[in-house]
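Trainee: predicted model, plus sequence, below.
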Amino acid sequence: MLPVDDALSADRAYRLVCEGTGLLWRGDFHNARQLLQALQRRVDRSLQRRPPPETREPGQAFHLHRKTQAQRSRILGLLLIELGPQYHCALRRAPNLQSACEQAWGPGEGPSVVSLQALQGLIGAREWYRKGVPVAELGDSIHPHYGVFSPVRGEYLPLVAQTPLPAALQAHPVAMDVGTGTGVLAALLARRGIPQVLATDLSDRALACARDNLERLQLPAVTLLKADLFAPGQAALIVCNPPWLPARPSSTVEQALYDEDGRMLCGFLQGLREHLVPGGEGWLILSDLAEHLGLRTREQLLGWIADAGLQVLGRLDTRPRHAKAQDASDPLHTARAAEVTSLWRLGAA
């Protein structure tokens, strides 16, 4: 680890981090941020200059993209900042980092060294939490905690808000939200008038986030439970928005995107029937991006549904609205442009 300051040029810094040298910043905090941006530009130019892979097979393109992103993150993570107790940063023009760091990492009892890239992520997450993500279907905002996936890609929310509720709710007015995350789907179900919603998650961080949002939205109909997939008992409606891509996550927040071997998706399908009351429905919210990337086929998904003793009662589709779907420079643009997000209505066969 090499102590450096404002005298270090971006070109030399780039050479050092590419060699694997950690740079412990001793200069001005704002200058460190500018250096990080300069390093980002150099890393991105270097990656763009690499020749395209010989194959255009989507699955290999996906894995190459993830490998490239991991390499980029490793290089940029070598610009380091020293923090004192309570996450105090002694650098000139340094912001107050205590609240952002405590939300992510808990109390800061002693000195530590962290990457500036990670700190920037914490500061950004704190802003998302403070401002919130507007959800038109709630007429309010959801405030994501650090490490809990934000509903910024909300094209599926109108599907949940508008799909007719199963008639079985009249006799058994209980719904479940499996893997609640921020609590946004549980909140939508409660706002639709379902008297009891059981929302589960295995992550303590997600449960704390959901509790914060549901209390602020004043939705006492929702009960939060720590569980791996289903709450005990049965329900007339069970909703699940599992990770969409079968790949290994490399961070906490990626667990909402990547699920190695599709564990949560398969677990939901395999356990759904026994947790549904007669006439009940399971709503599976799933993008077909994995199919366009060659990571899963439609035949596999339909096979898992049938093997679980389920049938498809209907399907509602929507197109993504996020910027990457229109970005032709994105390495996965072809797959993203063809992506469809669906709400699969499932019932016992």
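Mentor: Now that the structure is in, tell me what you want to look at.

Trainee: C-alpha from now on. contacts and neighbour counts both.
Mentor: Noted.

Trainee: next helix or strand past the host helix or strand of residue 75?
Mentor: Assessed by DSSP states H and E, residue 75 sits inside helix 58-76. Downstream of helix 58-76, the next assigned helix or strand under DSSP H and E is strand 79-83.

Trainee: in PDB, list the C-alpha atoms belonging to that next one.
Mentor: What follows is strand 79-83, C-alpha atoms only, in PDB (Å, rounded to 0.1, in the frame of the first residue of the first chain):
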ATOM      1  CA  LEU A  79      -7.700   3.800  -4.400                       C
ATOM      2  CA  LEU A  80      -8.000   3.800  -0.600                       C
ATOM      3  CA  ILE A  81      -9.200   6.200   2.100                       C
ATOM      4  CA  GLU A  82      -8.300   6.000   5.800                       C
ATOM      5  CA  LEU A  83     -11.100   6.400   8.400                       C
END
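
Trainee: averaged pLDDT, whatever helix or strand comes next after it. What do you get?
Mentor: In the C-terminal direction, the helix or strand that comes right after strand 79-83 (DSSP H and E) is helix 98-105. Helix 98-105 shows a mean pLDDT of 90.

Trainee: also stretch 228-237?
Mentor: Here stretch 228-237 scores 96 as its mean pLDDT.

Trainee: also stretch 166-183?
Mentor: The average pLDDT for stretch 166-183 rounds to 97.

Trainee: please identify the buried residues of the helix holding residue 75?
Mentor: For helix 58-76, the neighbour count (16 or more other Cα atoms under 10 Å) marks 58-59, 61-62, 72, 75-76 as buried.

Trainee: and that helix, what does it pack against?
Mentor: When contacts are defined as 3 or more Cα pairs under 8 Å, 6 or more residues apart in numbering; DSSP states H and E, helix 58-76 sits against helix 10-18, helix 29-48.

Trainee: other residues contacting that helix?
Mentor: Residues outside helix 58-76 that contact it (Cα atoms under 8 Å, 6 or more residues apart in numbering): 17-18, 20, 36, 39-40, 43-44, 47, 53, 117, 292-295, 331-332, 335.

Trainee: mind running it again at 7 Å?
Mentor: With Cα atoms under 7 Å, 6 or more residues apart in numbering as the contact definition, helix 58-76 has outside contacts at 17-18, 39, 43, 117, 293-295, 332.

Trainee: buried ones among those?
Mentor: Counted by 16+ other Cα under 10 Å, these give 17-18, 39, 43, 117, 293, 295, 332 as buried.

Trainee: from residue 348, how far out is the nearest residue to residue 307 once chain neighbours are set aside?
Mentor: Leaving out its chain neighbours, the residue that sits closest to residue 307 by Cα to Cα, 6 or more residues apart in numbering is residue 270, at 8.0 Å. Residue 270 sits 11 Å away from residue 348, going by Cα to Cα, to the nearest Å.

Trainee: what helix or strand is residue 265 on?
Mentor: Going by DSSP H and E, residue 265 is part of helix 263-275.

Trainee: quick check: buried residues in that helix?
Mentor: Those buried within helix 263-275 under the rule 16+ other Cα under 10 Å are 264-266, 268-270, 272-273, 275.

Trainee: sorry, back to before: and the helices and strands packed on helix 58-76, which one averages the lowest pLDDT?
Mentor: helix 29-48 (a mean of 92).

Trainee: packing partners for it?
Mentor: When contacts are defined as 3 or more Cα pairs under 7 Å, 6 or more residues apart in numbering; DSSP states H and E, helix 29-48 sits against helix 10-18.

Trainee: which SSE is immediately downstream of the helix holding residue 265?
Mentor: Beyond helix 263-275 on the C-terminal side, the first helix or strand identified by DSSP H and E is strand 276-287.

Trainee: so which elements touch that next one?
Mentor: Short answer (3+ Cα pairs under 7 Å, 6+ apart): strand 276-287 packs on strand 235-240, strand 341-348.
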